[in-house]
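Asker: I need the structure of the sequence given here:
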Amino acid sequence: MAVRKRGGRYQVDVAVNGQRWRGSARTEDGARIREAQVRASLMAGKAVEVVAPGKAPTTLGQLASRVIDQVWAGTKNERTVVHNANCAVKFFGANQPIGEIDTAMVDTYITHLKAEGNTNSTVNRKLNALSKMLGFAHKRGWLTGTPHYERQKELAGRVRFLTVEEEGQVTATMAHFGCNDEARLVEFLIDTGLRRGEWQALTWRDYDRKSGTITLWETKNGHARTVPLTKRAADIILTGVTAPARGVSRPPTDKVFDYITDDNFRSAWNRTREHLGLNGDKDFVPHMLRHTCASRLVQRGVPITVVKEFLGHKAIQVTMRYAHLAPANLWEAARALEGE
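Answerer: Residues are numbered from 1 along each chain as shown. As a prediction, the model looks like this:
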């Protein structure tokens, strides 16, 4: 096995045509980039040059390893962003000199990504990873400049949310299949708008029963936020501990929803979607529960700036996706123009 965990690091062991090289990296993805870089060098008959910690990287593989170790390792989105970085390393080659990557080469990369069927938003995410790496090198004086590229235009897309009737159908179907805990989690997520990682990380220390709030520390935008609970959401937290449907075979942890695994929730969701005949609705995914929370807040007259804070959006532009769901405000504007 070329990459294996050893202690707190990942060991890289590459053998090509009788030549062998060993090294290590802090993360598994970083080790795999290093493996690709070394393997490419050995197959080309070149000397292996894995950059030392105090030496400036000169190839894309070396740069990717450095950025992974120093910037992305241990972050919440490490797996996604490292995957996107790996895409660039695979396309350009681990031994591609970073000083030779110009706008024309990036344009070729964009064409390749689109030909592979990536959407514009996915193309932008992968370009961002490349830009981050080259920007890292530029700030440290390893590059005199970075290539310019045009971000691909992203459509706002459809905001799919559950109506009150659909919510009832979903929770009733889950209960029918014996997934009572998962049905209650659906209700909790609609009332709080929590992301997947947020409800999974929620601990009892984050719940303040006196004030009826929960505080989220591990959020997407890196800023903690406090969410007031509806009566239903608070009841779900309290009754979930002693719910007979739990069937917990292990002692409880400090996690509020320790009795619901991500796999079980997704399984219950997929089974429900199939039962309701919604397999063809690509937007019918668990994240739509967060959309449902935002949509209901807007539809019930909550100011868009308050919705932004409630959901923890970093930019108001993200929240504005839901602004069109407040038709009553538009009618008030029309009546104002008529002098009513």
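Asker: hang on, isn't Lys5 packed against Glu28?
Answerer: Yes. Counting by C-beta atoms under 8 Å, Lys5 sits close enough to Glu28 to count as a contact (7.3 Å). Glycine gets a C-beta too; all of them are placed from N, C-alpha and C.
Asker: what residues go with each domain of the protein?
Answerer: Taking automatic domain parsing as the reference, the chain has its domains at 3-139, 164-333.
Asker: Looking at those, which is nearest to Thr146?
Answerer: domain 3-139 (4.6 Å; C-beta to C-beta).
Asker: At the geometric centre of this structure, which residue sits there?
Answerer: Asn77 (5.7 Å; C-alpha atoms, centre = their mean).
Asker: So it versus Ile68, what's the distance?
Answerer: Per C-beta to C-beta, to the nearest Å, Asn77 is found 12 Å from Ile68.
Asker: neighbour count winner among Lys5 and Glu28?
Answerer: Higher neighbour count among Lys5 and Glu28: Glu28, with 17 against 10, using other C-beta atoms under 10 Å.
Asker: Quick check: that one touching Val3?
Answerer: Yes. Using C-beta under 8 Å, Glu28 is in contact with Val3, at 6.5 Å.
Asker: what sits in contact with each of these two?
Answerer: Tyr10 (C-beta atoms under 8 Å, 6 or more residues apart in numbering).
Asker: Buried ones in the host helix or strand of Thr226, by neighbour count?
Answerer: For Thr226, the element it lies in under DSSP states H and E is strand 225-228. The neighbour-count check on strand 225-228 (16 or more other C-beta atoms under 10 Å) flags Val227 as buried.
Asker: Check the average confidence over the helix or strand following that strand, would you?
Answerer: Using DSSP H and E, the helix or strand that follows strand 225-228 towards the C-terminus is helix 231-240. Across helix 231-240, the average pLDDT comes to 88.
Asker: Ok, stretch 22-39 next?
Answerer: 72.
Asker: can you check stretch 55-69 too?
Answerer: Mean predicted lDDT for stretch 55-69 stands at 85.
Asker: CA atoms of it as PDB?
Answerer: What follows is stretch 55-69, C-alpha atoms only, in PDB (Å, rounded to 0.1, in the frame of the first residue of the first chain):
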ATOM      1  CA  LYS A  55      12.200  25.600   0.900                       C
ATOM      2  CA  ALA A  56       9.900  27.300  -1.600                       C
ATOM      3  CA  PRO A  57       7.800  24.800  -3.700                       C
ATOM      4  CA  THR A  58       8.400  25.000  -7.400                       C
ATOM      5  CA  THR A  59       5.900  22.400  -8.700                       C
ATOM      6  CA  LEU A  60       2.100  22.200  -8.400                       C
ATOM      7  CA  GLY A  61       2.400  19.000  -6.500                       C
ATOM      8  CA  GLN A  62       4.800  20.500  -4.000                       C
ATOM      9  CA  LEU A  63       2.600  23.600  -3.600                       C
ATOM     10  CA  ALA A  64      -0.600  21.500  -3.100                       C
ATOM     11  CA  SER A  65       1.100  19.500  -0.400                       C
ATOM     12  CA  ARG A  66       2.300  22.700   1.300                       C
ATOM     13  CA  VAL A  67      -1.200  24.400   1.200                       C
ATOM     14  CA  ILE A  68      -2.900  21.300   2.400                       C
ATOM     15  CA  ASP A  69      -0.600  21.000   5.400                       C
END
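Asker: Just checking the distance from it to the centre of its chain.
Answerer: 24 Å (C-alpha atoms, centre = their mean, to the nearest Å).
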